[in-house]
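Visitor: Quick check, what structure comes out for this input:
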Amino acid sequence: MALLRNCPTLRRGSVRAIPFALALLGTALWADSAHATGFSTARFGAEHGNPVTPNATAIYYNPASLAETTGYNIFVDGSLALRSASWLHDADPGDSSVAGANTGSASLFNAVAAPMIGASAKFGDFAIGAGFYVPFGGQASWNKNDAFENNPDYAGPVDGVQRWHTISGAIQSMYFSLGAAYKLPFGLSIGLSGNLIRSSASTLRARNLDGSNTLAMEGRSLLDVSGLQASFGAGLMYEAMKDKLWFGASYQARPNINGQVKLDGTLRNNFSGTMTEDAVTLHQGLPDVIRLGARFKPTDYLELRLFGDLTRWSAMKSQCIALEGETCEVNEDGSPAEGSTPLANLPRNWSDGFGIRAGLSYWPTETAELFSGIGYDSNVVPDETLEPTLTDFHDVSVAIGGRFALGKHLALAASYTHFFYVQRDTTGLSTLAEQASPSRAPDSGGVYSQTLGVFNVNLNVAF
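Guide: Coordinates of the predicted model:
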């Protein structure tokens, strides 16, 4: 809330906030810099976080893999992501004539950490597991436009040319999961898990009542919402050749099963120095995930892995904000549907995305494992609706790391993964400015670039 309260008052009739706030998920670091498609960020376990590796991360990637674990295990994992991104926006017919106010380059360099804690226990052919993790979420803050620092005429542009889409914010979906698995006599394991999900988001952005980016009426809006959802996971694991070859498949259902997520909270605005606050609901769709994988160990010192996922981001049609208890529907042109009164709507129209990854492990000694991997993730965000709030790219990633036994009960792993993103140029392709109110937003065409590095460390304690 302090973000909105502490904003200085704009001068000469411009405003510091507006009663027309936009959707959340925008400003998340890992939303923008997803490790997979869309804003999926599940990289806990690093190269050993997949549907065929038996450790506590199986509670999410494939609960059937719990049946391949041994004994009792506590797994603690942490990832640190370092992201650099930029957006270059050339002048659009609707842009202000004030040089540099709405055109030019915006950039950020952010760091964010994410934890994962899991546990598993094996009793004969039966296993159970539990975990806490954040497969979606992050935070971001864009750099200031120093050219407008303490500007006596235009205070708004100091927040950067991207401010009409995002200034700063945070989002996270925290999963609390319980799972169980059973291994049948002929090598097939089955697993199920249940998830309690707490999603929350806060985002600050510039906005005008008519959806334009004119400076005279520039304002700010702060959205702060949260909610609880539930979902389930299911999986199969088949040991085709004893201690040598495994195949895995899993399914993570959409939050609330149907994927329709509602987050309740407040929308705070400051219009010409007048503060308002409304109880609102954010409406959006989130995906389900299908995973497949194989693991082959031809010798005691070599293992090969191949796995991938299909994430059905076509569930993300839009992000719509309405007063709490009211419907939030829009027509194809972005105007309110009959009987609906949305305050704001962000067209998304995403497509399904996929990722594929290959990796290997080599054991130079019984207590040391060296591993590496290479992967590809597809883009799910169309040129027409791409904007700095939620970006996506085609990317290739490479990883290298090691896992080492520290005595009989401890194993420590560390790795680094670098993501190489294909630059996108959507100049002249954005359709956001063509939408009818309340879906209209300033043109978001431009050149999008980013790079991301992720450090991962995890510790497994076995009993």
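Visitor: and the gap between V447 and S226?
Guide: According to C-beta to C-beta, to the nearest Å, V447 and S226 sit 34 Å apart. C-beta coordinates here come from the backbone N, C-alpha and C atoms, glycine included.
Visitor: Check D288 too.
Guide: 22 Å.
Visitor: okay, the two: which has more neighbours?
Guide: D288 (19 against 15; other C-beta atoms under 10 Å).
Visitor: tell me the contacts of that one?
Guide: Y251, Q252, A253, R254, G259, T311, R312, A315 (C-beta atoms under 8 Å, 6 or more residues apart in numbering).
Visitor: do G446 as well
Guide: Residues near G446 by C-beta under 8 Å, 6+ apart: W87, L88, H89, D90, D425, T426, T427.
Visitor: Over to it: give its phi and psi.
Guide: Main-chain dihedrals, G446, degrees, to the nearest 10: phi 160, psi -170.
Visitor: which one is it nearest to, not counting chain neighbours?
Guide: H89 (4.0 Å; C-beta to C-beta, 6 or more residues apart in numbering).
Visitor: Just want to check the distance between the one you found and E369.
Guide: 46 Å.
Visitor: for L452, same thing?
Guide: Distance from L452 to E369, by C-beta to C-beta: 25 Å.
Visitor: what's the burial count for the closest residue to K408 other than its chain neighbours?
Guide: Using C-beta to C-beta, 6+ apart and skipping residues adjacent in sequence, the residue nearest K408 is A462, 8.0 Å away. By other C-beta under 10 Å, the residues close to A462 number 16.
Visitor: which ones are touching A462?
Guide: Per C-beta under 8 Å, 6+ apart, neighbours of A462: T70, G71, Y72, N73, K408, H409, L410, A411.
Visitor: Just the buried residues of the contacts of G446.
Guide: W87, L88, H89, T426 (16 or more other C-beta atoms under 10 Å).
Visitor: Surely A433 forms part of a strand?
Guide: No - A433 sits outside any strand when classified using DSSP: H, G, I helix; E, B strand; the rest coil, being helix.
Visitor: List the beta-bridge partners for the closest residue to A56 other than its chain neighbours.
Guide: Distances taken as C-beta to C-beta, 6+ apart put G118 closest to A56, at 2.9 Å, once the chain neighbours are dropped. For G118, the beta-bridge partners are F75, G131 (DSSP bridges).
Visitor: P336 is in contact with L343, isn't it?
Guide: No - in terms of C-beta atoms under 8 Å, P336 does not count as a neighbour of L343; the distance is 9.9 Å.
Visitor: From the chain's centroid, how far away is the top strand by length along the chain?
Guide: Under DSSP state E, the strand in the chain containing the largest number of residues is strand 219-241. Distance, stretch centre to chain centre, for strand 219-241: 11 Å (C-alpha atoms, centre = their mean, to the nearest Å).
Visitor: got the CA coordinates for it in CSV?
Guide: Output in CSV follows, covering the C-alpha atoms of strand 219-241 (Å, rounded to 0.1, in the frame of the first residue of the first chain):
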residue,chain,number,x,y,z
GLY,A,219,-2.4,8.4,-12.9
ARG,A,220,-1.5,5.4,-10.8
SER,A,221,-3.4,2.3,-9.6
LEU,A,222,-2.4,-0.3,-7.1
LEU,A,223,-4.0,-3.8,-7.2
ASP,A,224,-3.6,-6.1,-4.3
VAL,A,225,-5.4,-9.5,-4.5
SER,A,226,-5.2,-13.0,-3.2
GLY,A,227,-7.1,-16.3,-2.9
LEU,A,228,-7.1,-20.0,-2.3
GLN,A,229,-7.5,-22.8,-4.9
ALA,A,230,-7.2,-26.5,-5.0
SER,A,231,-5.9,-29.0,-7.6
PHE,A,232,-4.5,-32.5,-7.9
GLY,A,233,-1.7,-34.4,-9.6
ALA,A,234,-1.5,-37.9,-11.0
GLY,A,235,1.3,-40.0,-12.5
LEU,A,236,2.6,-43.3,-13.7
MET,A,237,6.2,-44.6,-13.6
TYR,A,238,7.2,-47.8,-15.3
GLU,A,239,10.5,-49.6,-14.7
ALA,A,240,11.0,-51.3,-18.1
MET,A,241,14.4,-52.7,-17.3
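Visitor: With that, I have no additional questions.
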